[in-house]
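In: Using only what follows, build the 3D model:
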Amino acid sequence: MSGTLILASGRWDNNIAVIDVEAARNPANDATDRAVLSRPRVTPDVQGAPASGQPVSVLVPPSGAYGYVVNHSGIVPAVAASGYQHGHPGTVTMIDLAALRDPSIDGTPAAIAGIIETGTCGPVGSVITPDGKYLLVGSAEAAGSEDGGVEITAIDRLTHQVAQRIRLRDAGGEPCYIDSPHMDFGRFPNPNGIAVSALGTGWLLTANGGTDDVSIIDLARAMAGHEDAEVARIPVQSGGFGISVSPDQRVAAVASRESMRTGDYGNTVSLIDIAERRETARIQVGTDDAKQGTRPFVAAFTPDGKHLVVTCFASDTVSLVHVASGREVKRLALVDPSGGPARPRGVAISADGAWVAITGGKKTGPRSSVLWMLDLPGLNVISRVTGIGNETYLLDILPARR
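Out: The predicted model follows:
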C-alpha cells in the first residue's frame, strides 16, 4: 500500500469509499473493487436506520486531524431524501483521518468524529479559508425547494461552531417550489461549488447554478459581517457547478453545467481574472459542435497551473485544456466497465501532477459508481475502480504523510 488514499463521496450509499492509490493505479486491478480498503458510513442512525446524508463532497485540509464530508440532505431519514432529494437541512461530518487507515471500520460509523449542522439546506461545495481557520460550506437550496440557496456558512475549525453566515445578493421573493428547469428560477444564486483565492486580503468565489454567474466576495469583509462583501457578479454561459482557483491565485475556472431556467446544458469553461473581476476566456469542451451541450461538471487546475482537467457529464468525456492558449488539447471518452454511460463528475489531481482521479457512473444502485485513474499529461486510462458509491460526486486525496 502506497499510503496515499483517495476519499470518494458515496452519495446515495451514505458512505465514503477509501481507496488505496497504489492498488487503484495497478492495471491488474482494472474493473474491480480490490483497491477499496473500506466504505465507512458518514451518517448516524436516525429512527433506527442510517440517515440519508447524500454525501456529495469530501475535503481533506492541508493540516489537522479531521476531514470534512458535506451531506446534501444531512441527517434526515433515508426515506425522506429518496422521496424528495432537495431542500433538506445540511450537515458536515467530521472524519477522523487516522481512522480511515483501519480497514475494520468498513460499513460502520467508527470514523465519525462529529456532526456539524450548517443551518442551511442542500449544501454542496466546501473550501478552507487561506488562513486555515474556517471551513466554508455553500448552500444551494432553501427548505423544501431546489431553489433559494443564498448563503455560505463559515465554521470555526477549532470550536466546530458556525462563526458567520455570508449572504449573497438575491432578487427577493419566494424560491421556486417546482423543480428545475423552470422559468421562475433566477432570483437566487444557488451556489454549488465554491473556492477561495489568497490574492490580496482574500476572495471567496461561488459558482451560481441559479443565476448563471460567479460571485466574487471580499472574504475579510464577509467574515466581519459586512453586507456589501459581494463585490461582483461575472456572467458565464450557464449555471456553474465546479470551480477552482489557479496555483498563483489569480484565475478562477468554472464549469458551466446547465441552466436551471431552461434546462439547457452548457459546453464551456470560463476563465475569470479575479483581480480585474472579468471573464477572460470561454473555452468549449467535450464537443466540436457549438450547439451540443456537454454539461461540464468540474474544472480543476493542474498543480503547475498550465492545464485544466474538465469532466463533461453528458458527453461521457474528460478534457485537457491548455490555459494560456484557451484550447482543449485532448479529449478522452471514458468507458464504464458495466457498459453504461460514464457520466464523469468529480476530479482530484495528485500533488505532483502525475495522475488524476475521476468519479462517475450512472446512478443504478448501491456501489454502481466508478473511479477512473488517468495519467497526466497524457490523459490515458491506467485503471478503473468499481463499487465506490451510488452516483458519486466529488472526492479528495489523503496524502501518505497524514
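
In: Strands along the stretch 151-300 of the chain, start to end?
Out: 151-156, 162-167, 191-197, 203-208, 213-218, 230-235, 240-245, 251-256, 268-273, 278-284, 296-301 (DSSP state E, counting those that start in this stretch).

In: any idea how far stretch 223-233 is from the chain center?
Out: For stretch 223-233, the separation from the chain centroid amounts to 23 Å (computed by CA atoms, centre = their mean, to the nearest Å).

In: And stretch 364-377, by the same measure?
Out: The chain centre lies 15 Å from the centre of stretch 364-377; the measure is CA atoms, centre = their mean.

In: how about that stretch: buried residues?
Out: 367-374, 376-377 (16 or more other CB atoms under 10 Å). Quick note: C-beta positions are derived from backbone N, CA and C, even for glycine.

In: which residue ranges form the helices in this protein?
Out: Assigned by DSSP state H, the helices in the chain fall at 21-24, 78-83, 219-223.

In: Can you say which of those is nearest to Gly346?
Out: Using CB to CB as the measure, helix 21-24 is the one of those that comes nearest Gly346, at 14.3 Å.

In: Return that closest one as PDB; C-alpha atoms alone will do.
Out: The C-alpha coordinates for helix 21-24 follow below in PDB (Å, rounded to 0.1, in the frame of the first residue of the first chain):
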ATOM      1  CA  VAL A  21      -3.900   4.800  -4.800                       C
ATOM      2  CA  GLU A  22      -1.200   2.200  -5.500                       C
ATOM      3  CA  ALA A  23      -3.700  -0.500  -5.900                       C
ATOM      4  CA  ALA A  24      -6.000   1.700  -7.900                       C
END
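
In: how about it: buried residues?
Out: Under 16+ other CB under 10 Å, the buried positions of helix 21-24 are 21, 23-24.

In: ok, Arg402 touching Val60?
Out: Yes: Arg402 lies in contact with Val60 (CB atoms under 8 Å); the separation is 7.4 Å.

In: These two - which one has more neighbours?
Out: The residue with more neighbours, out of Arg402 and Val60, is Val60; 23 against 19, by other CB atoms under 10 Å.

In: Would you confirm that that one contacts Leu100?
Out: No: between Val60 and Leu100 there is no contact under CB under 8 Å: 9.9 Å.

In: Now do the shared contacts for the two.
Out: With contacts defined as CB atoms under 8 Å, 6 or more residues apart in numbering, the residues adjacent to both Val60 and Leu100 are 7, 67, 398.

In: give me the beta-bridge partners of the spatially closest residue to the first one that is not a sequence neighbour?
Out: Ranked by CB to CB, 6 or more residues apart in numbering and with sequence neighbours excluded, the top spatial neighbour of Leu7 is Val58, at 4.6 Å. When bridges are assigned using DSSP bridges, the partners listed for Val58 are Val69.

In: go on, Asp396?
Out: Taking DSSP bridges as the rule, Asp396 bridges to Leu7.

In: what packs against the helix or strand bottoming out on mean pLDDT in the chain?
Out: Least confident helix or strand, the chain: helix 78-83 with a mean of 89, by mean pLDDT, DSSP states H and E. Of the remaining helices and strands, those touching helix 78-83 by 3 or more CB pairs under 8 Å, 6 or more residues apart in numbering; DSSP states H and E are strand 49-59.

In: related to what we said a few turns ago, strands - which of the buried residues of stretch 364-377 land there?
Out: Among the buried residues of stretch 364-377, the members found in strands (DSSP state E) are 370-374.

In: Count the residues that sit near the residue nearest to Leu7.
Out: By the criterion of other CB under 10 Å, Val58 has 29 neighbours.

In: for the protein, longest strand please?
Out: Longest among the strand segments of the chain by residue count, using DSSP E, is strand 112-128.

In: Perfect, I'm done here.
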